[in-house]
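J.: coordinates only, sequence not included:
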């Protein structure tokens, strides 16, 4: 079912790190950000760059949590530059580092309630997202339409929903992409548009 027709849902702690912008201190363009550590390939070894790999990775995080796996999803500067156009890439890196990764709890918890064992995953290429084709608009939040022109070609972004068997709605996630040889997470990238320009 298209995202635009779904009711609002309670977001868990990970998504809240992006959504609760007023509760998190802003950063000015002059604030220095520590460089993101290079991702370790070991936590991602079991998750190939395929729809099945994306599904397995999200299922692991959704039902179990995994601090090492979450840490490995932190994009590097080159990941932002690969996925996004240059100006947006710099802005996205500043935004995510300050308002998402800096507030990540030290101990990862499961992302969803334990009964939400059914994982639905959709993928769309950045070309499909830029053209806002059915694969994109039917399975991704409308916010992607706001940033579609900042996406660089050649990548697939995954969106997912975890539901309890028999339920129509559950907890949604988006922004998982395989970039520069590893998985990286860029949730709700349209929120970058509300951040100060550098």
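T.: Noted; the coordinates are in hand. If you're wondering where the values come from, they're calculated on a predicted model, not measured in any experiment. Residues are numbered from 1 along each chain as shown.

J.: and the residue nearest to residue 58 when sequence neighbours are not counted, how far is that from residue 191?
T.: The shortest distance from residue 58 to any residue other than its chain neighbours is 4.9 Å, reached at residue 160 (C-beta to C-beta, 6 or more residues apart in numbering). The way it works is simple: take the backbone N, C-alpha and C, and place the C-beta from them, glycine included. For residue 160, the distance to residue 191 equals 18 Å [C-beta to C-beta, to the nearest Å].

J.: strands of this protein, start to end?
T.: 118-125, 156-163, 171-179, 182-185 (DSSP state E).

J.: who wins for proximity to residue 76 among the ones you listed?
T.: Set against residue 76 and scored by C-beta to C-beta, the strands of the chain come closest in strand 182-185, at 7.9 Å.

J.: the closest one - what's its average pLDDT?
T.: When pLDDT is averaged over strand 182-185, the result is 98.

J.: okay, now the sheet partners of it, with direction.
T.: Applying DSSP bridges, strand 182-185 is found paired with strand 171-179 (antiparallel).

J.: okay, the angle between the partner strand and strand 118-125?
T.: 40 degrees (axes from the mean of the first three to the mean of the last three C-alpha atoms, to 10 degrees).

J.: taking strand 156-163 as reference, get the angle to strand 171-179.
T.: Per the same axes, to 10 degrees, the angle that strand 171-179 makes with strand 156-163 is 160 degrees.

J.: if we can go back for a sec, out of the strands of the chain, which is closest to residue 141?
T.: strand 171-179 (6.2 Å).

J.: mind checking how far that closest one is from the chain centre?
T.: 4 Å (C-alpha atoms, centre = their mean, to the nearest Å).

J.: again with stretch 114-128
T.: 11 Å.

J.: then stretch 105-121?
T.: 14 Å.

J.: in this protein, which spans are helices?
T.: Applying DSSP state H to the chain gives helices spanning 13-19, 51-63, 67-72, 77-83, 86-99, 126-131, 134-137, 143-147.

J.: mind checking how far the fifth one is from the chain centre?
T.: In terms of C-alpha atoms, centre = their mean, the centre of helix 86-99 is set 13 Å apart from its chain centre.
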